[in-house]
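Following is a predicted model, sequence given first.
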Amino acid sequence: MDDVSAAKRLIAALDLTSLNPSDDEESILSLCQRASTPYGQTAAVCIFPQFIPFAKQHLPSGIKVATVINFPLGLADLHLLEKEISSALKLGADELDVVFPYRTFLSGDQEFCISYLELARRLSHPKTLKIIIETGELKTVSNICQVANLCIASQADFIKTSTGKTEISATPEAANIILETIYKSGKRVGFKASGGIKTLDDAKKYLVLAQSIMGAGWVTPDNFRIGASSVLDSLLNTLKRGY
C-alpha cells in the first residue's frame with residue numbers, strides 16, 4: 001500500500017487523543033479543530049471525561065467522543081467502574097475505553113476479570129466499548145491471547161493494546177496476537193492500537209498487519225482504530241507532499 005492511500009485511511013481510523021494532566025479547554029478546542037482535516041475527519045477524539053460536553057459543542061457531526069474509564073491503572077474496583085461509566089454516559093460519551101484489571105488477571109483471579117468485563121458491557125450498552133488490555137504488562141503470548149478471548153466472550157466492541165502510560169505500549173507483535181485471536185474467534189470485534197504511534201510508518205504497520213490477517217474489507221473505522229495525537233501531523237504532511 002502506498003503512503004498516500006495509507007495516510008487517508010489512517011486519518012479516517014484515528015482516535016485523536018489528548019490525555020495529559022495539563023489538558024484544559026484551550027487544548028481540547030485545538031484537538032477538536034484538528035479532528036477535521038482537509039482530507040477528511042478522524043473517527044473520534046479521545047479525552048478525559050470532564051471535557052466531554054465541551055468537545056461535543058465544538059465537534060462537527062460524525063466525529064465521536066471517546067473517553068477513558070479506570071484509567072490508567074485498571075484497578076480491581078467494580079464500584080469505580082460503575083461510577084465512571086455512568087458518569088461518562090451522562091456527560092454524553094459515544095465510546096468508552098475501559099482499562100482491563102490486568103494486575104488482577106496476572107494474580108490468577110480470572111473470575112473477577114470476567115465479572116468486570118460483563119459489568120462494563122452491560123453498563124456501556126449500546127455505546128461502543130473498547131477494552132484496553134495493556135499488552136506490555138501482560139507480556140506473554142499466552143496472557144495476551146487469554147485476555148483477548150475474555151474480551152471477545154464479553155462482547156466487547158474493540159480490543160485495545162495499551163494506555164500509552166506504561167513502559168511498553170503498542171507493538172506489532174502484540175497486535176498480531178490480538179488480531180489472530182479475533183480472526184480465529186469468528187466474532188465481530190475490532191482492534192485498536194494505541195501508545196507510542198507517532199509517524200506514518202508506525203501507524204502503517206498496524207494497518208498492513210490488520211489487512212493481512214482480517215482482509216482489506218474489514219479494515220474500516222468500525223473495526224480498526226489508531227489511538228494517537230502527534231501521528232496526525234505525519235499523515236497530513238504525507239498527503240500534502242502527495243507521496
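Happy to help now that I have it. Numbers count the residues shown, from 1 in each chain.

Do a quick rundown of the helices in this structure.
3-12, 25-34, 52-58, 78-91, 102-106, 110-124, 135-138, 141-153, 172-185, 200-214, 231-241 (DSSP state H).

To residue 19, which of the ones you listed lies closest?
Judged by CB to CB, the one of the helices of the chain that comes nearest to residue 19 is helix 25-34, at 10.5 Å. Any C-beta I mention is one placed from the backbone N, CA and C, and that applies to glycine too.

elements contacting that closest one?
In terms of contacts (3 or more CB pairs under 8 Å, 6 or more residues apart in numbering; DSSP states H and E), helix 25-34 is packed against strand 44-47, helix 52-58.

Tell me which of these sits most buried.
Burial of the helices and strands packed on helix 25-34 is given as mean neighbour count (mean count of other CB atoms under 10 Å); strand 44-47 ranks first at a mean of 28.

Residues contacting that strand, please?
14-19, 23, 28, 31-32, 35, 55, 59, 63-68, 94-95, 97, 225, 227 (CB atoms under 8 Å, 6 or more residues apart in numbering).

Please report the distance of residue 204 from residue 190.
18 Å (CB to CB, to the nearest Å).

and if you look at residue 208?
Residue 208 is 17 Å from residue 190, by CB to CB.

who has more neighbours, these two?
Ranked by neighbour count (other CB atoms under 10 Å), residue 208 and residue 190 place residue 190 first, with 23 against 14.

burial count for residue 39?
Neighbour tally, residue 39, other CB under 10 Å: 15.

Rebuild the helices of the chain as a markdown table, extending it with mean pLDDT.
Compiled in a markdown table, the helices of the chain are given as follows (pLDDT from 0 to 100):
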| stretch | mean pLDDT |
| --- | --- |
| helix 3-12 | 98 |
| helix 25-34 | 98 |
| helix 52-58 | 98 |
| helix 78-91 | 98 |
| helix 102-106 | 98 |
| helix 110-124 | 98 |
| helix 135-138 | 98 |
| helix 141-153 | 98 |
| helix 172-185 | 98 |
| helix 200-214 | 98 |
| helix 231-241 | 98 |
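
what about those, which gets the closest to residue 162?
helix 135-138 (5.8 Å).

and that closest one, what does it pack onto?
So helix 135-138, by 3+ CB pairs under 8 Å, 6+ apart, packs with helix 102-106, helix 141-153, helix 172-185.

Output these in JSON lines; the columns should cover mean neighbour count and distance to residue 128.
Listed next are the helices and strands packed on helix 135-138 as JSON lines, based on neighbours: other CB atoms under 10 Å; distance: least, CB to CB, whole Å:
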{"stretch": "helix 102-106", "mean neighbour count": "19", "distance to residue 128": "21"}
{"stretch": "helix 141-153", "mean neighbour count": "19", "distance to residue 128": "13"}
{"stretch": "helix 172-185", "mean neighbour count": "19", "distance to residue 128": "16"}
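
The ones you listed into CSV, with extra columns for distance to residue 83?
Below are the helices and strands packed on helix 135-138 laid out as CSV (distance: least, CB to CB, whole Å):
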stretch, distance to residue 83
helix 102-106, 18
helix 141-153, 22
helix 172-185, 28
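
quick revisit: which of the helices and strands packed on helix 25-34 sits closest to residue 178?
strand 44-47 (18.5 Å).

quick revisit: is it possible to mark the buried ones in the contacts of strand 44-47?
14-19, 28, 31-32, 35, 55, 59, 63-68, 94-95, 97, 225, 227 (16 or more other CB atoms under 10 Å).

Just these: which are in strands?
Under the assignment DSSP state E, these contribute 14-17, 64-68, 95, 97, 225, 227 to strands.
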